[in-house]
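Q: Here you go, sequence then predicted model.
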Amino acid sequence: MVDEPGLELIAETAPSWQAEGPLAARALEVAERLATRLSEAGTPLSPTRLTIRHAPAEHIGLGVGTQLSLAVSRILLALAGNREPPILTLAELCGRGLRSGIGLHGFTRGGLIVDGGRGPLRTPPPLLARYDFPAEWAVLVLIPSPMTGLHGSEEVHAFSMLPPIPEAMTDRLCGLLLLGLLPALIERDLPSFGAALAEIQRRVGECFAPAQGGVFALPGLDAIVAELQAQGLHGVGQSSWGPTLYGFSDEPAERRAEILAHLRQRFGLKPDALFWTRASEAGATLETLES
């Protein structure tokens, strides 16, 4: 989980259901659906005005849909007097966590999350491990184009059409995680962490290649990945279905600024499409504002 780009919203009682700001229509849809479900259960919600102060774009590999749904649900329940609903309750109310538990567990706890994958039960994948991420490891986020990754019904169809992952591949991925990535994280060994993550990304990308046309979501992304690696970034990969890319660095701020300037010029990127951020260690926070 990362600090930026973040999501911030305000909720206050109002005469009718309203929403304004980026992703307002999506937030209002989540709110009205939640209100309907709770009303049917005998616990109606009061009409609310939602103001989204800032939010990243949806469907670019940042899990925005999950975070927005959880945030709206949590803040509405808080207004109704339930400030600490269990994450599984939130997930069930807003229909999230059906394929991955990372967004759910990260919402409540932040940090680096490992879930147990989807089992035979239709319940969110369980949390297996959660670690603080080294504060000295900066995270580069690169959003190369307005193209969006697979989502909604297209994503469901893509998963249904993918061939089963061979057991040998699953064994290798588990080995990379348990014997490579996590030990390197605990030992603060960024090169080893990056090597394990890069191989995980490549192998998973190969599994997804039939749905996205290659290891990456766009043909030109491999050139950007190669340049990020040439600039000394570790663990370079694509987030979810892309097109967002990421990498890690422990270089000083001056060197990281040079990397940004070089990449923006080389690939014609806008300032808000490429930035450094840090890991989020707290998950979502809730504040009561005095009127």
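A: It's in.

Q: Would you check how far apart the closest residue to S69 other than its chain neighbours and E287 are?
A: With CB to CB, 6 or more residues apart in numbering as the measure, C94 is the residue that lies nearest to S69, at 4.0 Å, once sequence neighbours are left out. C-beta coordinates here come from the backbone N, C-alpha and C atoms, glycine included. In this view, C94 and E287 are 21 Å apart by CB to CB, to the nearest Å.

Q: Neighbour count for these two, which is higher?
A: C94 (22 against 6; other CB atoms under 10 Å).

Q: ok, the more buried one - contacts?
A: V30, R33, L34, S69, L70, V72, S73 (CB atoms under 8 Å, 6 or more residues apart in numbering).

Q: what sits against the fourth one?
A: For S69, the contacting residues are V30, C94, G95, R96, by CB under 8 Å, 6+ apart.

Q: In three-state terms, label V114 for me.
A: strand (DSSP: H, G, I helix; E, B strand; the rest coil).

Q: close enough to count as contact, it and G106?
A: No - using CB atoms under 8 Å, V114 is not in contact with G106, being 10.8 Å away.

Q: Against which helices or strands is the host helix or strand of H262 packed?
A: Using DSSP states H and E, H262 falls within helix 253-267. Under the contact definition 3 or more CB pairs under 8 Å, 6 or more residues apart in numbering; DSSP states H and E, helix 253-267 sits against strand 138-142, helix 221-230, strand 245-249, strand 274-277.

Q: And for that helix, what's in contact with it?
A: 138, 140, 142, 144, 224, 227-228, 231-233, 249, 251, 269-271, 274-276.

Q: Then stretch 237-245?
A: 60-63, 141-145, 147-151, 155, 197-198, 200-201, 205, 208, 212, 216-218, 221, 224-225, 228, 236, 246-247.

Q: how long is it end to end?
A: Start to finish, the residues bounding stretch 237-245 are 6 Å apart (CA to CA, to the nearest Å).

Q: again with stretch 119-135
A: Across stretch 119-135, first to last residue, CA to CA, it's 33 Å.

Q: now that stretch: how far from the chain's centre is it?
A: Relative to its chain's centre, stretch 119-135 lies at 13 Å (CA atoms, centre = their mean, to the nearest Å).

Q: Buried residues in that stretch, which are they?
A: For stretch 119-135, a neighbour-count test (16 or more other CB atoms under 10 Å) marks P124, P125, L127, R130, F133, P134 as buried.

Q: All set now, cheers.
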